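Trainee: here is my input; please provide its structure:
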Amino acid sequence: MSWSKVILSVLLLIPASWTRDSRMNSAIDVAAESYANGEYEQSIQDHLAIVEQFQVQSPELDYDLGLSYHYAKQDDEAATYFDKATIAPNKVLSSFGFNQGGVILGNKKEYDAALSKFKSALIQDPLNEVARHNYELLARWMQRDQERQNEDQNKPEPSEFAKRKKAEADRLVEQFRFQDALQVMSEALQQDETVAAYQEFIGSLQEITEIDKQ
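Mentor: Below you'll find the predicted structure:
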């Protein structure tokens, strides 16, 4: 779906309090460099090394790991770390965690859950324009999709007469006789209401003939 081209927030967070130890500082630099270079598998290992070697636990590190897993195409692991980041006391970081979790759910086509994540991101930080964009984009897409589903459910089953007229119109379209094709479908619709099953096709013919008249 087109909505899935949502903006992914890329934010590598390195708290200053981590840098008090020179060895930790070096480990952070290594992790930041592998991430910046797009070496996401290596970035995962470098960030996990910070956890293992220095027993660091923080929402910032969880968020960084989430990003690394996400770009390494390991979204199940990424979602786990983004969820951990949502409990950050820092509302901005929490908001980004919710937003990224929503992106993952959206890509899995779990749209209701994704929308809820984006909403939570805005509750945490109403100024998070990335989350606002994602929320509004997905909400509009879901509304249009529901409308399309309702239209499809309400479409009548075309009769044999309607199918023959559609085939006749298709042959005319192949000859670029769009006006004639539109006339066939319009007259058929007056005789048989099930021709409305091809309303989208009729609408396209109307648009084409209007352009030809200009």
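Trainee: leaving out chain neighbours, which residue sits closest to the residue in the chain sticking out farthest from the centre?
Mentor: Residue farthest from the centre of the chain, counting by C-alpha atoms, centre = their mean, is Gln191 at 43.2 Å. Of all residues not flanking Gln191 in the chain, Phe161 sits nearest, at 7.4 Å (C-beta to C-beta, 6 or more residues apart in numbering). Quick note: C-beta positions are derived from backbone N, CA and C, even for glycine.
Trainee: figure out how far the host helix or strand of that neighbour is from the centre of its chain.
Mentor: Using DSSP states H and E, Phe161 maps to helix 160-174. Taking C-alpha atoms, centre = their mean, to the nearest Å, the mean C-alpha location of helix 160-174 is offset from the chain mean by 37 Å.
Trainee: just the angle between the helix or strand just after that helix and helix 160-174, please?
Mentor: Under the assignment DSSP H and E, the closest C-terminal helix or strand after helix 160-174 is helix 178-191. Here helix 178-191 runs at an angle of 170 degrees relative to helix 160-174 (axes from the mean of the first three to the mean of the last three C-alpha atoms, to 10 degrees).
Trainee: who does helix 178-191 touch, helix- and strand-wise?
Mentor: The contact analysis (3 or more C-beta pairs under 8 Å, 6 or more residues apart in numbering; DSSP states H and E) places helix 178-191 against helix 160-174, helix 199-213.
Trainee: so for Tyr81, which of these sits nearest?
Mentor: Nearest to Tyr81, of all the helices and strands packed on helix 178-191, is helix 199-213, at 44.0 Å by C-beta to C-beta.
Trainee: hey, C-alpha coordinates of that closest one in PDB?
Mentor: C-alpha atoms of helix 199-213 as PDB (Å, rounded to 0.1, in the frame of the first residue of the first chain):
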ATOM      1  CA  GLN A 199     -19.300   1.700 -13.000                       C
ATOM      2  CA  GLU A 200     -15.500   2.200 -12.600                       C
ATOM      3  CA  PHE A 201     -15.000   1.300 -16.300                       C
ATOM      4  CA  ILE A 202     -17.800   3.600 -17.300                       C
ATOM      5  CA  GLY A 203     -16.300   6.400 -15.300                       C
ATOM      6  CA  SER A 204     -13.000   5.900 -17.000                       C
ATOM      7  CA  LEU A 205     -14.700   6.100 -20.400                       C
ATOM      8  CA  GLN A 206     -16.400   9.300 -19.400                       C
ATOM      9  CA  GLU A 207     -13.100  10.900 -18.400                       C
ATOM     10  CA  ILE A 208     -11.400   9.900 -21.600                       C
ATOM     11  CA  THR A 209     -14.300  11.200 -23.800                       C
ATOM     12  CA  GLU A 210     -14.300  14.500 -21.900                       C
ATOM     13  CA  ILE A 211     -10.500  14.800 -22.600                       C
ATOM     14  CA  ASP A 212     -11.100  14.100 -26.300                       C
ATOM     15  CA  LYS A 213     -13.600  16.900 -26.500                       C
END
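Trainee: before I go, just wanted to say thanks for your time.
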